[in-house]
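Trainee: coords below, sequence missing:
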């Protein structure tokens, strides 16, 4: 080992506010592997700061001479490079099946959560990011950020129906990955942590099995997730 | 070994027509384990025939003195009872993560597919099952079987969006479980085989990565799936 890894980590106007779901995956994956990390606050418009990675999004990890971007690629890199440390996937089958969880969270849950939290999230962004964020997100969602607030009740009901497979899985076992958290849990955690840090909206009912699991995940890895303050009034879990 | 296992398997008016998604999971799981099986055709209203299992749904498996029902419980039974044969889950992590696939297919995909195929499926049922089927399904879906046909275009578009995580997973790897099929593939296969056997509707575009995977699954285990004729005109895959 030669010093910590470095993670470019999305930040709000408050540099201490870290809310990217994909960066949270990486934070927990690094903690799972027991790897020290120094995070570097990054804003959406800081494209030059990560130009060395050949693309413009975070998470980006630097591990000595190696640069890796994309949360899934980073998880695979960590598993391959540090095989003697606790496994993120639990073997070949776990690796393959975890990809489905990755795709489901990224392609189904993230867009739903975005529609719910964007009006609140917009308010915590650094001023220099706001025009960029509004332009890209309004194009992606085909509506204004403000108009999303009017859809909230309907989108919340849709979110709660959509997470049913996660709910029934967590009613049957303590973690997505089984008896202990692993990368599948980091993926799902990132989605809910994004909501917790950016919006006071309660995405889940207090008696939802997902809320109980999320509480355990906030406490995991020495309380890494809980150390990031929730948005004011946020009460996904007690 | 003392003779084949027995599987109570949902059949249509034509006794040879086997279309239950959950029974197909079990068929492939038995083939994966290399276990011989004798299937016993069963209709929805044959409750007495499986009363010995303590409940009224198939699949029900009898393995010598042991009776197991519920497709997930059957898969776990087979894995535990025949550990020396090819694994359905690929270890503890695979087992836990496979549960999420199980819940997603059962709770999200099955209801969507039901809405698409029920008008066609109703026509292949044994006459003695029709009143029972209409009553239970119309209560579950809150509409008539015939009215579901009018929603088909909208439901097909919703289905194709909803399977996106399966699509992107199968664009990246040959099988849900990785480089070879296992129980996660059996689960997803059962859903599409149900549609293939009951309805001529093409659920997937021909160039969909899921269609290519489904073709491989039809050919797997000696062509077990392909041996069941598709509904007339069915063309999910070429």
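Mentor: Sure, I can see it. Since we're looking at a predicted model, the values are computed, not measured.
Trainee: neighbours around residue A:202, how many?
Mentor: When neighbours are counted by other Cβ atoms under 10 Å in any protein chain shown, residue A:202 registers 17. Using the backbone N, CA and C atoms, a C-beta is placed for each residue, glycine as well.
Trainee: can you check what pLDDT the model gives it?
Mentor: The model reports residue A:202 with a pLDDT of 94.
Trainee: can you check residue A:3 too?
Mentor: In this model, residue A:3 is scored at 87, pLDDT.
Trainee: and what of residue A:235?
Mentor: In this model, residue A:235 is scored at 38, pLDDT.
Trainee: now do the contacts for the nearest residue to residue A:71 once chain neighbours are set aside.
Mentor: Leaving aside its sequence neighbours, residue A:71 sits nearest to residue A:22 (Cβ to Cβ, 6 or more residues apart in numbering or on different chains; 4.3 Å). Taking Cβ atoms under 8 Å, 6 or more residues apart in numbering or on different chains, we find residue A:22 in contact with A:58, A:59, A:71, A:190.
Trainee: and the first one, how many neighbours?
Mentor: Read that as residue A:58. Other residues close to residue A:58 by other Cβ under 10 Å number 27.
Trainee: just say helix, strand or coil for the residue nearest to it when sequence neighbours are not counted.
Mentor: Residue nearest to residue A:58 in three dimensions, not counting chain neighbours: residue A:8, with 4.7 Å by Cβ to Cβ, 6+ apart. Following DSSP: H, G, I helix; E, B strand; the rest coil, we place residue A:8 in the strand state.
Trainee: quick one: residue A:8 and residue A:60 touch, right?
Mentor: Yes - using Cβ atoms under 8 Å, residue A:8 makes contact with residue A:60 at a distance of 4.3 Å.
Trainee: which residues are in contact with each of the two?
Mentor: In contact with both residue A:8 and residue A:60: residue A:50, using Cβ under 8 Å, 6+ apart.
Trainee: ok, so of the contacts of residue A:22, who is nearest residue B:158?
Mentor: The closest of those to residue B:158 turns out to be residue A:190 (Cβ to Cβ; 26.1 Å).
Trainee: surely that closest one is within a strand?
Mentor: No - Residue A:190 is assigned helix when assessed by three-state DSSP, not a strand.
Trainee: returning to what we had before: host element of the residue nearest to residue A:71?
Mentor: If you go by DSSP states H and E, residue A:22 is part of helix A:21-32.
Trainee: ok now whichever helix or strand comes after that helix, how far from the chain's centre?
Mentor: Note on helix A:21-32: by DSSP H and E, the next helix or strand toward the C-terminus is strand A:37-42. Relative to the centre of its chain, strand A:37-42 is centred 15 Å away, using Cα atoms, centre = their mean, to the nearest Å.
Trainee: show me what strand A:37-42 is in contact with.
Mentor: Residues from elsewhere that reach strand A:37-42 (Cβ under 8 Å, 6+ apart): A:4-11, A:15, A:18, A:27, A:30, A:49-50, A:58.
Trainee: close to chain B: what parts of chain A are there?
Mentor: A:87, A:89-101, A:103-104, A:106-108, A:162, A:164-166, A:168-169, A:172-173, A:175-179, A:182, A:184 (Cβ under 8 Å from any Cβ of the partner chain).
Trainee: now those: which count as buried?
Mentor: Buried subset of the residues of chain A next to chain B (neighbour count, 16 or more other Cβ atoms under 10 Å in any protein chain shown): A:87, A:89-90, A:92-101, A:103-104, A:106, A:108, A:162, A:165-166, A:168-169, A:175-178, A:182, A:184.
Trainee: in strands only, show me those.
Mentor: Judged by DSSP state E, strands contain none of those.
Trainee: filter those down to the ones in helices?
Mentor: Using DSSP state H, the subset of these located in helices is A:92-101, A:103-104, A:162, A:165-166, A:168-169, A:184.
Trainee: let me see the contact set for residue A:4.
Mentor: With Cβ under 8 Å, 6+ apart, residue A:4 has these contacts: A:35, A:36, A:37, A:38.
Trainee: now, the most widely separated pair of those residues?
Mentor: Once Cβ to Cβ is applied, the contacts of residue A:4 give A:35 and A:38 as the farthest pair, at 10.9 Å.
Trainee: which neighbours do those two share?
Mentor: Applying Cβ under 8 Å, 6+ apart, one finds that residue A:35 and residue A:38 are jointly contacted by A:4, A:5.
Trainee: got the domain boundaries for chain A?
Mentor: Using automatic domain parsing, the domain parsing of chain A gives A:5-81, A:92-223.
Trainee: just to revisit the earlier point, now the contacts of residue A:4 in JSON lines, with neighbour count and pLDDT?
Mentor: Listed next are the contacts of residue A:4 as JSON lines, based on neighbours: other Cβ atoms under 10 Å in any protein chain shown; pLDDT from 0 to 100:
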{"residue": "A:35", "neighbour count": "17", "pLDDT": "98"}
{"residue": "A:36", "neighbour count": "10", "pLDDT": "97"}
{"residue": "A:37", "neighbour count": "18", "pLDDT": "98"}
{"residue": "A:38", "neighbour count": "11", "pLDDT": "98"}
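Trainee: and whichever strand or helix holds residue A:110, average pLDDT?
Mentor: Per DSSP H and E: residue A:110 is located in helix A:110-124. Across helix A:110-124, pLDDT averages out at 96.
Trainee: ok, and what's touching the next helix or strand after that helix?
Mentor: Once the chain leaves helix A:110-124, the next helix or strand it forms, by DSSP H and E, is helix A:130-141. Applying Cβ under 8 Å, 6+ apart, the contact partners of helix A:130-141 are A:44, A:45, A:114, A:115, A:118, A:122, A:125, A:144, A:145, A:148.
Trainee: how far off centre is helix A:130-141?
Mentor: For helix A:130-141, the distance to the chain centre is 19 Å (Cα atoms, centre = their mean).
Trainee: thanks a lot, catch you later.
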